[in-house]
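Trainee: give me coordinates for this.
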Amino acid sequence: MKSRNLLLFASMILVALLATPFCLAAQEQTGENEPKERKNDPPRYRFIDLGTLGGPNSSSFFGDVRSVTNQGTVMGQSDTSIPDPNFPNFNPYIAPDPFIQHTFRWQNGVLTDLGALPGTNSSVVGWINDRGMAVGSSTNSSIDPLTGWPTEIAVLWSNGQILNLGTLGGNESQADAINERGQIVGIATNAVPDQFPSPLGFGLPGFGTQQRAFLWENGVMRDLGTLGGPDAVALLLNERGEVSGLSYTTSTPNSSGSPTVDPFFWEHGKMLDLGGFGGTFGSANWLNNRGQVVGFSFLTGDSTVHPFLWSEAEGMRDLGTLGGTFGIANWVNEKGEVVGVASNQSEMQLAFLWKNGVMTNLGTQDGDPCSTAVNINSRSQIVGSSNNCQSESGHAFLWQDGHMIDLSSFVPLGSGLTLDIAFFINDRGDILGVGTLPNGDIHDVLLIPCDDDHPGVEGCESADTPTKTIPKNAVAPRAQAQTTAAETDVNLTPSEIKDRVRVLLAHRRFRGWPPQ
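Mentor: Predicted coordinates:
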């Protein structure tokens with residue numbers, strides 16, 4: 001399906017039916033100076049392969065989405081065994097997939113098919129609230145005459161039903177976020193002709209008519225306007241009803257051939273331009289309930305990007321880097337702690353935690369030269385991937401209390417699965433991640449802590465399995481890096497910098513996996 005919900009989402013999918021749960025304890029390699037409680041109380045998790053709806057793969061989207069409730073319910077999408085009648089007719093936002101895909105809910109060990117709009121249609125889901133209401137999009141058995149692609153419509157799943165949210169007068173729409181009040185935001189087309197590409201950037205095409213940010217509430221879809229250009233997209237929504245996304249700031253193309261794009265913040269009927277660092281593109285990646293927005297902005301000349309933290313009181317703040325030229329902020333928790341990826345003096349891209357004005361290098365695992373922090377919860381637990389710098393696919397990690405833990409330690413021996421990335425951790429500590437089987441099939445996996453916050457979890461008696469920890473400032477030796485000096489950011493052209501950003505964001509905004 002489209003824009004941030006579907007580029008190559010078909011390849012990020014899971015293969016097996018519900019697997020036997022495992023709970024493995026991790027014995028960290030501790031040093032004499034580490035806290036005593038970490039030696040005596042290593043983390044332990046129940047490992048669950050979430051299964052499929054009859055097809056080869058399944059997945060949950062990640063990035064600027066919420067896929068797991070604080071009660072441990074997971075939403076995602078899976079291949080069914082039904083052939084897709086439109087295959088290989090697909091749009092540039094997605095990869096071809098021969099199967100119909102449906103939204104699923106996983107809860108207490110049960111995988112439920114939530115279906116799609118009537119007909120032989122596919123659906124995807126991007127966000128679930130703690131009331132169990134979820135939003136996404138579904139095809140509707142028609143072809144968009146302006147694009148030639150299967151038409152997608154924004155939908156809401158609630159109380160076992162699927163509701164068509166409609167459009168703003170055009171052919172297509174997509175729901176991106178929902179809060180506990182039942183307010184929904186997303187993208188919808190109107191009937192005004194528009195030849196500009198999507199404001200989501202990186203050459204993604206438009207829909208032939210304007211695409212606008214919308215707020216849906218009590219059955220009514222409202223156009224939130226733009227920052228002065230023809231198009232805008234709403235990606236994020238908090239519990240105060242504040243919205244963030246991207247918008248063209250003018251209808252005049254810049255040197256890139258498209259109008260400049262800035263992130264926005266919408267509240268009380270007014271859309272505020274968050275600004276930027278002098279380049280032609282900026283993106284909002286997360287919005288917390290305090291009204292803080294994080295993301296990235298290109299610098300003057302579009303030569304590189306820096307991470308930002310924005311608040312209405314302080315405006316846009318450049319969070320800097322780890323000594324290099326490059327950085328992206330992926331998430332901010334309710335305490336204002338920011339995580340993301342930034343380059344060091346050798347231009348290796350490394351996971352960071354920004355807190356109280358200080359950016360900390362979280363390190364890497366097993367000699368990997370690079371890493372990325374994707375998500376942080378209210379307990380300051382961080383998840384992400386330690387990798388080879390070419391993609392965020394690598395070794396999934398949990399970082400807490402100054403230590404990076406290899407989550408692959410909790411994968412049952414003999415499963416054949418490689419746990420590539422952990423991309424969401426809720427406030428209870430439940431971790432959602434992605435793994436790959438030797439045949440290339442993608443698995444959605446859930447790790448549930450065996451602790452006092454999860455009483456009665458079955459399968460928490462398995463034997464211990466070793467895991468590794470790395471001090472919070474450890475960095476893989478330069479000699480072990482798999483990226484050469486000629487490939488580092490400092491030597492890349494502006495167009496190559498944009499390609500690097502596309503790699504880092506493709507599977508987040510456009511749901512591509514693995515990053516291309």
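Trainee: where do the helices sit along the stretch 1-150 of the chain?
Mentor: When secondary structure is read from DSSP state H, counting those that start in this stretch, the stretch 1-150 of the chain shows helices at 36-40.
Trainee: any stretches of it with poor pLDDT?
Mentor: Scanning the stretch 1-150 of the chain for pLDDT under 70 picks out the ranges 1-42, 62, 90-96.
Trainee: which residues in it form strands?
Mentor: Residue ranges of the strands in the stretch 1-150 of the chain, as given by DSSP state E, counting those that start in this stretch, are 22-27, 44-49, 58-59, 74-83, 99-107, 110-115, 123-128, 134-143, 150-158.
Trainee: residues near Asn89, how many?
Mentor: 12 (other CB atoms under 10 Å). Heads up, the C-betas are built off the backbone N, CA and C, glycines and all.
Trainee: sorry, slip of the keys, the one I care about is Glu180.
Mentor: Glu180: 10 neighbours (other CB under 10 Å).
Trainee: helix, strand or coil for it?
Mentor: coil (DSSP: H, G, I helix; E, B strand; the rest coil).
Trainee: rewinding a little: a markdown table please, covering the strands of the stretch 1-150 of the chain and showing mean neighbour count and distance to Ser198.
Mentor: Output for the strands of the stretch 1-150 of the chain, formatted as a markdown table (neighbours: other CB atoms under 10 Å; distance: least, CB to CB, whole Å):
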| stretch | mean neighbour count | distance to Ser198 |
| --- | --- | --- |
| strand 22-27 | 20 | 42 |
| strand 44-49 | 24 | 34 |
| strand 58-59 | 28 | 22 |
| strand 74-83 | 23 | 21 |
| strand 99-107 | 23 | 22 |
| strand 110-115 | 16 | 27 |
| strand 123-128 | 27 | 16 |
| strand 134-143 | 24 | 15 |
| strand 150-158 | 24 | 13 |
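Trainee: out of those strands, which comes closest to Leu236?
Mentor: Nearest to Leu236, of all the strands of the stretch 1-150 of the chain, is strand 123-128, at 9.4 Å by CB to CB.
Trainee: of all the strands of the stretch 1-150 of the chain, which one is nearest Ser409?
Mentor: Nearest of these to Ser409, taken as CB to CB: strand 22-27 at 4.8 Å.
Trainee: ok, His306 - contacts?
Mentor: If you count contacts by CB atoms under 8 Å, 6 or more residues apart in numbering, His306 has them with Phe277, Phe296, Ser297, Leu299, Asp318, Leu319, Gly320, Thr321, Phe326, Gly327.
Trainee: in a strand, that's where the second one is, yeah?
Mentor: Spelled out, that is Phe296. Yes: the assignment for Phe296 (three-state DSSP) places it in a strand.
Trainee: picking that back up, out of the strands of the stretch 1-150 of the chain, nearest to Arg222?
Mentor: Set against Arg222 and scored by CB to CB, the strands of the stretch 1-150 of the chain come closest in strand 150-158, at 13.0 Å.
Trainee: show me where this protein dips below the pLDDT cut-off.
Mentor: Flagging of the chain using pLDDT under 70 yields the residue ranges 1-42, 62, 90-96, 202, 391-393, 459, 461-516.
Trainee: try it again with 50
Mentor: Along the chain, the model assigns pLDDT under 50 to residues 1-40, 463-492, 502-516.
Trainee: about what we covered before: closest one of the contacts of His306 to Ser343?
Mentor: Phe326 (4.2 Å).
Trainee: you'd agree Leu235 is up against Pro263?
Mentor: No: if you go by CB atoms under 8 Å, Leu235 and Pro263 don't touch, sitting 9.2 Å apart.
Trainee: identify the contacts common to the two.
Mentor: Common contact partners of Leu235 and Pro263 (CB under 8 Å, 6+ apart): Ser244, Gly245, Leu246, Ala284.
Trainee: what residues are up against Phe296?
Mentor: Contacts of Phe296 by CB under 8 Å, 6+ apart are Gly282, Ser283, Asn285, Val305, His306, Pro307, Phe308, Gly327, Ile328, Ala329, Val501.
Trainee: just flag the most distant two among the residues you listed.
Mentor: By the measure CB to CB, Phe308 and Val501 form the most distant pair in the contacts of Phe296, at 13.9 Å.
Trainee: so between those two, which is more surrounded?
Mentor: Per other CB under 10 Å, whichever of Phe308 and Val501 has more neighbours is Phe308, with 28 against 21.
Trainee: what sits against the more buried one?
Mentor: Residues near Phe308 by CB under 8 Å, 6+ apart: 274, 277, 282, 293-297, 316-319, 329.
Trainee: quick one: buried residues of stretch 305-320?
Mentor: Val305, His306, Pro307, Phe308, Leu309, Trp310, Ser311, Met316, Leu319 (16 or more other CB atoms under 10 Å).
Trainee: surely Gly336 is in contact with Val294?
Mentor: No: taking contacts as CB under 8 Å, Gly336 lies outside contact range of Val294: 9.7 Å.
Trainee: if I look at the one residue sitting closest to the centre of the chain, how far off is Pro56?
Mentor: Nearest to the geometric centre of the chain sits Gly63, at 1.1 Å (CA atoms, centre = their mean). Computed as CB to CB, to the nearest Å, the Gly63 to Pro56 distance reads 23 Å.
Trainee: ok so, going back, which of the contacts of His306 sits closest to Pro193?
Mentor: Nearest to Pro193 among the contacts of His306, counting by CB to CB, is Ser297 at 29.8 Å.
Trainee: hang on, isn't that closest one packed against Asp273?
Mentor: No: Ser297 is beyond contact range of Asp273, at 11.8 Å (criterion: CB under 8 Å).
Trainee: looking at these two, which one has more neighbours?
Mentor: Ser297 (26 against 15).
Trainee: that one pairs with what?
Mentor: Beta-bridge pairing for Ser297 (DSSP bridges): Gly282, His306.
Trainee: between Gly336 and Val294, which contacts overlap?
Mentor: Between them, Gly336 and Val294 share these contacting residues under CB under 8 Å, 6+ apart: Leu309.
Trainee: the more surrounded of the two?
Mentor: Val294 (29 against 15).
Trainee: apart from its neighbours in sequence, what residue is nearest that one?
Mentor: Ala329 (3.8 Å; CB to CB, 6 or more residues apart in numbering).
Trainee: isn't there a helix covering the one you found?
Mentor: No: the assignment for Ala329, made by three-state DSSP, is strand rather than a helix.
Trainee: pull up the distance across stretch 146-162, start to finish.
Mentor: From its first residue to its last, stretch 146-162 covers 26 Å (CA to CA, to the nearest Å).
Trainee: right, I mislabeled it, should have said stretch 162-178
Mentor: Taking CA to CA, stretch 162-178 runs 15 Å from one end to the other.
Trainee: so how far is it off the chain centroid?
Mentor: Chain-centre distance of stretch 162-178: 20 Å, with CA atoms, centre = their mean, to the nearest Å.
Trainee: what's the answer for stretch 370-390, then?
Mentor: 12 Å.
Trainee: what does stretch 126-145 give?
Mentor: With CA atoms, centre = their mean as the basis, stretch 126-145 stands 17 Å off its chain's centre.
Trainee: same check on stretch 100-117?
Mentor: Computed by CA atoms, centre = their mean, the chain-centroid distance of stretch 100-117 equals 20 Å.
Trainee: cool, stretch 268-282 as well?
Mentor: Relative to its chain's centre, stretch 268-282 lies at 21 Å (CA atoms, centre = their mean).
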